[in-house]
Structure formats: structure tokens, C-alpha cells
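Return atomic coordinates for the entry below.
(chains A, B, C and D)
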There are 2 protein chains.
Amino acid sequence: MANELSERQERILEVIRDYVVEYGYPPTIREIGEAAGISSTSVVSYNLNALEKKGHLTRNKDTSRGLRLREEMIAIPVPLLGNIVAGEPIPIPGNEAPEAALDHVAVPTEMLTNTDDIYALRVRGNSMIDSLIADGDVVVMRHQRSAENGDTVAAWLVDEETVTLKEFHLEAGGQRVRLQPRNPAFDPIYVRADKVEIQGKVIGVIREM
Amino acid sequence: MANELSERQERILEVIRDYVVEYGYPPTIREIGEAAGISSTSVVSYNLNALEKKGHLTRNKDTSRGLRLREEMIAIPVPLLGNIVAGEPIPIPGNEAPEAALDHVAVPTEMLTNTDDIYALRVRGNSMIDSLIADGDVVVMRHQRSAENGDTVAAWLVDEETVTLKEFHLEAGGQRVRLQPRNPAFDPIYVRADKVEIQGKVIGVIREM
DNA sequence: TTTGACGTAGAACATATGTTCCTTCTATAA
DNA sequence: TTATAGAAGGAACATATGTTCTACGTCAAA
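All right, here's what the predicted structure looks like:
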């Protein structure tokens, strides 16, 4: 029973997408109508409600431009705290200086659940190449001091005084940590558990070319 | 001369960011005022104009919620056309079936200039590991049949019947193509120019973990 | 002190924009 | 055919929302 979209509804969705991309905010009912070739505002509203019922968007009553696509195309501004270099610890998102962010990068919403403790770093140098991360990449991080097996974490190697991004595995009854590169062409590193400090979890990588 | 932001303006920017994340569209002047502790709409408007002059956002006259942050947090919905597997040619974004997209992924605006001919593919398998791309990654592509030196392209190797993502270099007076992995630990491939077909240019990679 | 730029308030105003209501048209079931 | 529901069109309406104008306080230059 009509869970598919009418041609008109497909068109409306497309119009909204295009509009948001162009202007950065959703269109009004009249703008949708104009772009979709619908003269009556009530008809647009009618179809918008139908689209909401079918789960393609959300409306906010009595609110101008008060709609949002389910596809959720909004990207979250994440503070870009600086560069990550192999020889230095990772800067922590301190409450002290939230203004310290160099800039912000847009991160696709799907990549995030809650936005607290999330920050980004631009990678300098190719020291992370064995974890498939190159010079210039942006890594999206969640700040945390512990990790579960299988997490890709930023680990501070106490002896080497180096940060590295690797897959975390606690072994030998918690005595030893295996840091597994995400690139199968490279070998894991084994370190005594007390010689590793977790600085955060890697939740995403964004590379522009 | 006052290119810095006043405390109030910082606050307004923050309010807008939070609001957009929460609702998917920008706040009204009154909503900004309420959240920032400003009683007068004209003051909000005044500071919005100041922020526009300083380049932090754009306003659209007489338009409700007609503002957009320069940081450009909108992500663009890009059609996710399918999987890329080493043994098969890359699906082309055909006008025939624009509905063929499996899904859409949000791509940070900065990654894109114009949105035509852009599509995304999910990588299956680790055959692209030498270009720092792993199983599960999403590659953002621009469809094109030619490439310039230094572009990272999706290349179809005629003899091997394989697609690979590599840096493109035309050498030997156009006779030979060098396909350079983006990972310095791997060696380049040399192919006769007529044995390579460009299928598109890689403009970005998104990895969620 | 006076002047003027800047930031702030509050109220009035104009209009941008969602909603409601009444009709009309079509298609399908009774 | 008649009845009923879905979809569409148009106009009137209510209000959400940006703009304008006047006034006030502060601060630095003249």
C-alpha cells in the first residue's frame, strides 16, 4: 500500500536536496512549489505531510523552512585541534580553551553519535602509513583513556615517545598490548601494557584529494 | 582593527552551530537572541551583520532563517552506487537510472566543488590496500575518462581485467602509464597507455570505524 | 566638553511563510 | 450511477520572522 513515492514526491525530495545544497537551509513551501511546478501551497504541504508519514523527512509545525530530510545530510562541525605528529602527544580537547580550535571540519553525521569529546586532527608526515593514513588526512577522534579490543586507537608509546594509530588488543592476561596496523602488509607491535597510554579512539578518517 | 569577534559574536556563532546540528536548519533571529541572552532582535541582526562583514557567515535579506555559516557544515548527499571490487569495472552514474543508487552518503562540502558526476562506492576487499584504502571504506569519485598527472584515478587494467586506484602519471612521451600506489611501501605499476582506461577520479575517502 | 562611532534596547512595522477551508477532479468500490 | 477517498488548486488567514526607527549608554578622539 503506497509506501512508494509518487512522481511528485520524488520531485519534491529532489528539490529540497538541491536547495539545501545551494543555500544551506531548507526551502519554503512556496519555493518548493515553484521549483517542482506546483502552484498551490496547500498541495506542497499535503505532499510534505505524506513524505513525513512515509518517513522521508520531519516537519516542524508553524516553523518556516521547518523541515529536515531523514537522510540527514547535515555535517557536524568538529573542532580541528591541530596536527598530529608521530613525536608528540595528541592535544586534548580541554574545556579550558574551547576556542583553541584552529578551524572546524565538517564530519558526516553518520560518523558520530554524540558530539561530545569529538575532535579532529590533521595528520602530518607518513608515520601512520601502516594504518592506512597519509600525510594530510584528517582523523576524527573521540577522547578516551581506555579502549576495547579491536578499537583503533591513538596510542602513546612511553619509551619511544611517539603516538601511533593502531588497532588495540590486550593480550597475555592484560600484561601485553598488541598494536596491530590496519594494513596487513605491516607487522604488529608488542608492548608491555604499562608502556602504552591510550589517548583516544579513532572513529573516522577523511581524505580529500 | 576588530577583526576578532566580540564575546557576544562568538556566542552567536556557537548558538547557530548548535541549533543547526539539532534541527537541521538555521535558527531565527529571535531564537538566536533567546539562546544567547539577547532581548532585542535588532541587536542580534546587528551582530549577524557584523559577523557577515567579518566573513563568518552569509545572510539572505528578508529570508527567514536565511543565513549560512562560512564553515559550511552542510554535507552533500552523494549517491552510493554500489561496491567496488577489484575484478569488475566501476559502475557509471548513468542518467538512465539515477534511482539506481543504493543509498546516499553525506560528504563534507569542502570535498566537492560542483556536485555533478559525483558518486560514491563502498570498497570491498583489501585489493586497494596499497593506496591506503581498506575494506569498507567509501571512495568519493568524479566520473571522467581522462586524467592529469598526479590525479588519483580509478584505472581499469585491460589485460588484468581489474580496477585499481592509483596515482596517474603519463610517461615516455605518452606511451606508458605509471600507476603509483599512494603508499610508499609499495611499488608502481607500469602499463602501456592503451592498456589502461580511466574510469574516474578519486576526490575523497571516508572511513568510519 | 563635545562629537561621533559602536553596541545595545524596545517597539512598531512589513512581509515572508505555514495553515485552513472550500472546490474540483479522478479513480475505485458499492 | 452514486458514494467515498485521494490528490490537487486557489484564496483567505494567522503568525512567524526579518527590518526599520528611535533612544540610550559608553568610550575615545578632537
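
need the helices for chain A, in chain order.
For chain A, the helices defined by DSSP state H cover A:7-23, A:29-36, A:41-53.

Lowest mean pLDDT across those helices, which one is that?
Out of the helices of chain A, helix A:7-23 stands lowest, with a mean of 90 (criterion: mean pLDDT).

what packs against it?
helix A:29-36, helix A:41-53, strand A:67-69, strand B:75-84 (3 or more C-beta pairs under 8 Å, 6 or more residues apart in numbering or on different chains; DSSP states H and E). Any C-beta I mention is one placed from the backbone N, CA and C, and that applies to glycine too.

list the buried ones in that helix?
A:R8, A:Q9, A:R11, A:I12, A:L13, A:V15, A:I16, A:R17, A:Y19, A:V20, A:V21, A:Y23 (16 or more other C-beta atoms under 10 Å in any protein chain shown).

Repeat that for stretch A:171-190.
A:V177, A:R178, A:L179, A:Q180, A:P181, A:R182, A:N183, A:I189.

Could you list the contact residues of chain A toward DNA strand C?
Neighbours of DNA strand C within chain A, by C-beta under 7 Å from any atom of the strand: A:28-31, A:41-42, A:45, A:59, A:61-66.

By residue count, what's the longest strand in chain A?
strand A:196-208 (DSSP state E).

So what are the sheet partners of that one and their directions?
strand A:138-142 (antiparallel), strand A:152-157 (antiparallel), strand B:196-208 (antiparallel) (DSSP bridges).

Distance from the last one to the middle of the chain?
If I follow you right, that is strand B:196-208. On the basis of C-alpha atoms, centre = their mean, to the nearest Å, strand B:196-208 sits 11 Å off its chain's mean C-alpha point.

Nearest residue to A:V158 in space, please, no chain neighbours.
Using C-beta to C-beta, 6 or more residues apart in numbering or on different chains and skipping residues adjacent in sequence, the residue nearest A:V158 is A:K195, 4.7 Å away.

Just the CA atoms of stretch A:181-201, as PDB, please.
Presented in PDB, the C-alpha positions along stretch A:181-201 are these (Å, rounded to 0.1, in the frame of the first residue of the first chain):
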ATOM      1  CA  PRO A 181      48.400  -1.900  11.900                       C
ATOM      2  CA  ARG A 182      45.400  -1.700   9.800                       C
ATOM      3  CA  ASN A 183      47.500  -2.600   6.800                       C
ATOM      4  CA  PRO A 184      48.000  -6.300   6.600                       C
ATOM      5  CA  ALA A 185      51.400  -5.700   4.900                       C
ATOM      6  CA  PHE A 186      52.800  -4.500   8.200                       C
ATOM      7  CA  ASP A 187      53.600  -6.400  11.300                       C
ATOM      8  CA  PRO A 188      52.100  -5.800  14.800                       C
ATOM      9  CA  ILE A 189      53.900  -4.100  17.600                       C
ATOM     10  CA  TYR A 190      54.000  -5.800  21.000                       C
ATOM     11  CA  VAL A 191      54.400  -3.600  24.100                       C
ATOM     12  CA  ARG A 192      54.100  -4.000  27.800                       C
ATOM     13  CA  ALA A 193      50.700  -2.800  28.900                       C
ATOM     14  CA  ASP A 194      52.100  -0.200  31.300                       C
ATOM     15  CA  LYS A 195      54.200   1.300  28.500                       C
ATOM     16  CA  VAL A 196      51.100   2.300  26.500                       C
ATOM     17  CA  GLU A 197      48.800   5.200  27.100                       C
ATOM     18  CA  ILE A 198      45.500   5.400  25.200                       C
ATOM     19  CA  GLN A 199      44.900   9.000  24.100                       C
ATOM     20  CA  GLY A 200      41.700   8.500  22.100                       C
ATOM     21  CA  LYS A 201      39.800   6.300  19.800                       C
END
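
Can you check the pLDDT for A:L132?
So A:L132 comes in at 90 (pLDDT).

Same check on the one 3 residues further on?
A:D135 is assigned a pLDDT of 87 by the prediction.

Kindly report the same for A:S39.
In this model, A:S39 carries a pLDDT of 94.

that older thread, report the buried residues of the longest strand of chain A.
A:V196, A:I198, A:Q199, A:G200, A:K201, A:V202, A:I203, A:G204, A:V205, A:I206, A:R207, A:E208.

ok, so of those, who is nearest B:T164?
The closest of these to B:T164 turns out to be A:R207 (C-beta to C-beta; 17.0 Å).

thought the closest one was touching A:D137?
Yes - with contact defined as C-beta atoms under 8 Å, A:R207 reaches A:D137; the gap is 4.8 Å.

Distance check, A:F186 against A:I129.
8 Å (C-beta to C-beta, to the nearest Å).

low-confidence ranges in chain A?
A:1-3, A:71-116 (pLDDT under 70).

if we go to 80?
Within chain A, the stretches with pLDDT under 80 are A:1-4, A:70-120, A:125, A:127, A:209.

related to what we said a few turns ago, pretty sure the residue nearest to A:V158 contacts A:D159?
Yes - applying C-beta under 8 Å, one finds A:K195 in contact with A:D159, separated by 5.7 Å.

More neighbours: those two, which one.
Neighbour totals were compared for A:K195 and A:D159, and A:K195 leads with 14 against 9 (other C-beta atoms under 10 Å in any protein chain shown).

before we move on, back to that, tell me which of the strands paired with strand A:196-208 sits nearest to DNA strand D.
Nearest of these to DNA strand D, taken as C-beta to the nearest atom of the strand: strand A:138-142 at 31.4 Å.

Give me every residue in chain A lying close to DNA strand D.
A:2, A:6, A:8, A:38-43, A:46-47, A:50, A:62-64, A:66.
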